[in-house]
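A.B. asks: Sequence and computational prediction follow.
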Amino acid sequence: MSKFKFSVGPWNVHAGADSYGPATRSEISLEEKFKRFAEIGFDAVQFHDDDAVPNINDLTEEEIKAEARRVKGLLDKYGLKAEFVAPRLWMDPHTIDGGFMSSRKEDREFALWRSFRSIDIARELGCDLIVLWLAREGTLCAESKSPVWATHQLVEAINRMLEYDKTIRVCIEPKPNEPIDRSICGTMGHVMAVSAATIDPARVGGNLESAHAILAGLDPAHEIGFAMAFNKLFTVHLNDQNGIKYDQDKTFGVENLRQAFNQVRVLLENGYGSHGEYVGLDVKAMRTTTDADCYKHLENSLAIFKALEAKAERFDYAFRDKCVENRDLEALEMYTMKLLMGIDQ
Ligand code: GLO
Ligand code: MG
């Protein structure tokens, strides 16, 4: 029995198109995804604003809220909660050169409009968390934008959200690059600094994605720990990644089992979830995956997480302390490897 609650986004079950080729699987309706998420054992759904309310730009504020209420009804039908809403600020002609730090004022206003609508949608869906994946916030041409100005724009935009709704929480999902060349807010350290500069730091935290930490050359477990040290890990996007290349969003644990184990162990050790936080996945199926198997990567990620949770529960802290005291880290490392390999000890 897992100690954790799990969440997933509808974009994690997708038709398989990438930058180089068309879809390889069929599209699936939002309701069908909810039904399967509940069957697989998820507790909550993560949303982009336009996952919940398609064609959001063409609707009035009241129409947007009404559509969100309809989606809340669907969640209720399958016993699911909403975890967060993320304004999808990278798919729109207004955000070609960024959202909050776009070079054009009207585009910055559009980004804020979508953020306020995301807050409205979150309220209708019954959640209080806004995730900002800052996809295009940075520079494509290094000389084009002042990083000082851009950082201030981000802080100001978050302040406006905190003012718009006095209890909403904002959670930055850092990523060092892709699709942007140079990001303004690339790691958990950046997130903590931005949080501290806002008008209400207690309401601004981070969403650590394993693959993004690896892309920054960092250990996801340490990024998790760093945010938890400040009570600012509002959610996680667990997945895996083979080295510093394009963002892969692989099934959790399939590339580096020890690194995955340590992410689970840090979460468990520090009571993650005790304030209602979900263990969120952000994983993609392979392009070769068939329609029949299009939820397999989710099932596999959950199974791997839970198997590692069971290992983390068995982790012998007394032995760890003895090894540390004796400076016998070779023994500690081998103990960990044997635990992971299932070798009796
Ligand atoms: C891409 C991000 C993306 C976000 C999602 C929620 O690199 O991980 O999947 O997590 O859009 O904002
Ligand atoms: Mg993510």
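C.D. replies: Great, that's in hand. Ligands and ions are numbered 1, 2, ... in the order given.

A.B. asks: roughly how far apart are F315 and F261?
C.D. replies: 9 Å (C-beta to C-beta, to the nearest Å). (Each C-beta comes from the backbone N, C-alpha and C, glycine too.)

A.B. asks: neighbour-wise, which of these two wins?
C.D. replies: When F315 and F261 are compared on other C-beta atoms under 10 Å, the one with more neighbours turns out to be F261, at 22 against 16.

A.B. asks: Quick check: which element contains the more buried one?
C.D. replies: Here F261 is covered by helix 257-269, with elements defined by DSSP states H and E.

A.B. asks: I'd like to know which residues of the stretch 201-345 of the chain are adjacent to ligand 2.
C.D. replies: The stretch 201-345 of the chain comes close to ligand 2 at residues 209, 237, 282, as judged by C-beta under 5 Å from the ion.

A.B. asks: In contact with whichever residue of the stretch 1-150 of the chain sits closest to ligand 2, which residues?
C.D. replies: The nearest approach of the stretch 1-150 of the chain to ligand 2 comes at W133, 5.9 Å away (C-beta to the ion). Shown in contact with W133 (C-beta atoms under 8 Å, 6 or more residues apart in numbering): 86, 90, 173, 175, 207.

A.B. asks: now swap in A197 and tell me
C.D. replies: A197 touches V155, counting by C-beta under 8 Å, 6+ apart.

A.B. asks: ok, now how distant is it from M188?
C.D. replies: A197 sits 15 Å away from M188, going by C-beta to C-beta.

A.B. asks: likewise E27?
C.D. replies: 35 Å.

A.B. asks: who's more crowded, these two?
C.D. replies: Taking neighbours as other C-beta under 10 Å, E27 and M188 compare with M188 leading, 29 against 9.

A.B. asks: So the more buried one sits against A227, correct?
C.D. replies: Yes. The criterion here is C-beta atoms under 8 Å, and M188 meets it with A227 at 5.0 Å.

A.B. asks: Mutual contacts of these two, please.
C.D. replies: 206, 208.

A.B. asks: which ones are touching the closest residue to D282 other than its chain neighbours?
C.D. replies: Closest residue to D282 apart from its sequence neighbours, by C-beta to C-beta, 6 or more residues apart in numbering: H237 at 3.6 Å. Contacts here follow C-beta under 8 Å, 6+ apart; on that basis H237 touches 173, 207-212, 280-282.

A.B. asks: how about H237, secondary structure?
C.D. replies: strand (DSSP: H, G, I helix; E, B strand; the rest coil).

A.B. asks: for R70, same thing?
C.D. replies: Going by three-state DSSP: R70 is helix.

A.B. asks: How many neighbouring residues does it have?
C.D. replies: Neighbour count of R70, defined by other C-beta under 10 Å: 11.

A.B. asks: same question, K296
C.D. replies: Neighbours of K296 under the rule other C-beta under 10 Å: 14.

A.B. asks: Quick check: the gap between it and S103.
C.D. replies: 43 Å.

A.B. asks: Over to N256?
C.D. replies: With C-beta to C-beta as the criterion, N256 and S103 are 39 Å apart.

A.B. asks: now do F42
C.D. replies: 39 Å.

A.B. asks: and if you look at G41?
C.D. replies: For G41, the distance to S103 - C-beta to C-beta - is 45 Å.

A.B. asks: Next: Y272.
C.D. replies: Remark: distance between Y272 and S103 (C-beta to C-beta) = 39 Å.

A.B. asks: Equivalent analysis for G217, please.
C.D. replies: In terms of C-beta to C-beta, G217 sits 29 Å off from S103.

A.B. asks: before we move on, back to that, and the two most separated of the contacts of W133?
C.D. replies: The span of these, defined through C-beta to C-beta, is set by W90 and N207 at 15.8 Å.
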